[in-house]
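> what follows is a protein structure lacking sequence information:
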DNA sequence: CGACGCTTTGACACAACTCAACAACCGTGG
DNA sequence: CCACGGTTGTTGAGTTGTGTCAAAGCGTCG
């Protein structure tokens, strides 16, 4: 509910309860905001060194351009997500990021990130948790591309997106706004746009899910989950004792 | 060359030069070693809480079992790799890990990991770098599954594996030992074992690469890279100044 | 020796791709 | 106001890459 510290604070609070000072630290990180027009490329594959960002509002996507002419979207970024955190330590960016809608981001320098770990290890751990969760999403995505057919894959994608949006309060129970085109879905799911269209029709005809007019409606979550082989992630907070264990050692 | 600190030290040294004390710290982490027989499952999908490990010798793989009966191998682990580091903070393991050959690992508790970040931030950053690099591999893998055909995908896989093995000194210039079966390749590359066989034959007939008798020989690296659209990762060390920047701030 | 795991090959089936055409829906400018 | 081009969505017909099924070859090991 509290917006102090932005949507990322809301997300991290799911993991560990953040103290006043940690909330403030998060809020400070996001004090300067940059506006990105739709289509703007924030990070480009091959950039020599880049910062990380926190997405305040709008949607984006990180993707790779392949030498065979294809494009693979790694993940869509929604408000409250960290951008480029994974690759700040790499010498060159291994992927691009661009804004899919008008968006607002806050820049976070590598040095700021390092300070957080030094001064607020608790908050640092929460950020690492969010990063782990993001990577778990990427890994699920990988499994989808490798071993699920088009229908399962598409169903799984929307269920996952739904859960992520819920974490930051951007989805109602069975419905959410979704500014993606069928071309974008295709590049994310490793299919052709034409086939995505056919799959969406099937989902609609089976009365499982509707994707229309930038809005997704889940009509039968249970059957959809069964079809996709979807397993709910566990977002319950872990006990703080686990994180602080190292203080009491040796 | 120096084996102190194990193969992981060799790998991390590519990133930043580690001090004596940091080397010692790494060596201490690996002081206790556990032997894993071939096929042993070290981490199982759904485990409630698990530690991280460092793989000393042998090969392993992390994978997901899907409800549709399929299996997707996320990544193969080779000596010097961290295992399960990505998901230590998650409440339940999102994937399994098992030993593909007889193997030796060292267990690293979460609390030990946290202490490293507190006491040896430099070393912690090096570990984060290795983690980032591993994730970059996963992301490339994702792009392969989504947007490369069977031939490109297989070629790309072997080139990447070759580079990873070189980082820990386990590959000669054009040749390396590889204890994988065609079934394992299939589950990693999202293909059927039968089709993998056809692809391998094609690579052999085109005199690009041979996979036989647990040994891979690269016959024409240049043409293979062109076919796969492979881009060499940059492993040059970044300047230490970047990492230490936060010490001199505010 | 036979049993088993892994590899290899052929014939056929099917999921997903490509090409081509058209329909709906914009915002823009005449 | 309507005509317009551009983008996105929809559908059909034919092609192709990859999966499935079946069977045989070959090491290895008990």
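Perfect, thanks for sending it. Here the structure is a predicted model, which means the values were calculated and not measured. Numbers count the residues shown, from 1 in each chain, chains lettered A, B, ... in the order given.
> hmm, stretch A:143-159 touching DNA strand D?
No. Using CB under 7 Å from any atom of the strand, stretch A:143-159 stays clear of DNA strand D, with a minimum separation of 8.9 Å. Using the backbone N, CA and C atoms, a C-beta is placed for each residue, glycine as well.
> ok now that stretch, how far from the chain's centre?
Here stretch A:143-159 shows a centroid-to-chain-centroid distance of 17 Å under the convention CA atoms, centre = their mean, to the nearest Å.
> state the mean pLDDT of the helix or strand hosting residue A:160.
Taking DSSP states H and E as the criterion, residue A:160 maps to helix A:150-167. The predicted model gives helix A:150-167 an average pLDDT of 97.
> touching DNA strand C at all, it?
Yes. Shown here: helix A:150-167 in contact with DNA strand C (CB under 7 Å from any atom of the strand) through A:150, A:151.
> for the helix or strand just after that helix, packing partners?
Sequence-wise, the next helix or strand downstream of helix A:150-167 (DSSP H and E) is strand A:175-177. Using 3 or more CB pairs under 8 Å, 6 or more residues apart in numbering or on different chains; DSSP states H and E as the contact test, the elements touching strand A:175-177 are helix A:150-167, strand A:215-218.
> closest to chain B out of the ones you listed?
Nearest to chain B among the helices and strands packed on strand A:175-177 is helix A:150-167; the distance by CB to the nearest CB comes to 6.5 Å.
> in the closest one, what counts as buried?
A:150-162, A:164-165, A:167 (16 or more other CB atoms under 10 Å in any protein chain shown).
> just stretch A:212-226 next, same as before
Buried residues in stretch A:212-226 (16+ other CB under 10 Å): A:216, A:218, A:224, A:225.
> which helix in chain A has the most residues?
Criterion DSSP state H: the longest helix present in chain A is helix A:121-147.
> where does the prediction get shaky in chain A?
By pLDDT under 70, the weakly predicted segments of chain A are A:1-3, A:235-250.
> who are the contact partners of residue A:89?
Residue A:89 sits next to A:110, B:125, B:128, B:129, B:132, B:238 when contact means CB atoms under 8 Å, 6 or more residues apart in numbering or on different chains.
> show me what residue A:104 is bridged to.
residue A:35, residue A:57 (DSSP bridges).
> wait, it touches residue A:57, no?
Yes. Under the criterion of CB atoms under 8 Å, residue A:104 makes contact with residue A:57 at 4.8 Å.
> okay, the helices and strands packed on strand A:175-177 in TSV with distance to residue B:80 next?
Listed next are the helices and strands packed on strand A:175-177 as TSV, based on distance: least, CB to CB, whole Å:
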stretch	distance to residue B:80
helix A:150-167	32
strand A:215-218	43
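> quick one, what contacts the residue nearest to the spatial centre of chain A?
The centre of chain A sits closest to residue A:77, judged by CA atoms, centre = their mean, with a distance of 4.4 Å. Contacts for residue A:77 (CB under 8 Å, 6+ apart) come out as A:55, A:59, A:60, A:61, A:62, A:83, A:97.
> can you classify the last one by secondary structure?
With DSSP: H, G, I helix; E, B strand; the rest coil as the basis, the three-state label of residue A:97 is strand.
> ok, residue A:76 next?
Per three-state DSSP, residue A:76 ends up strand.
> for it, which non-adjacent residue is closest in space?
Of all residues not flanking residue A:76 in the chain, residue A:61 sits nearest, at 4.9 Å (CB to CB, 6 or more residues apart in numbering or on different chains).
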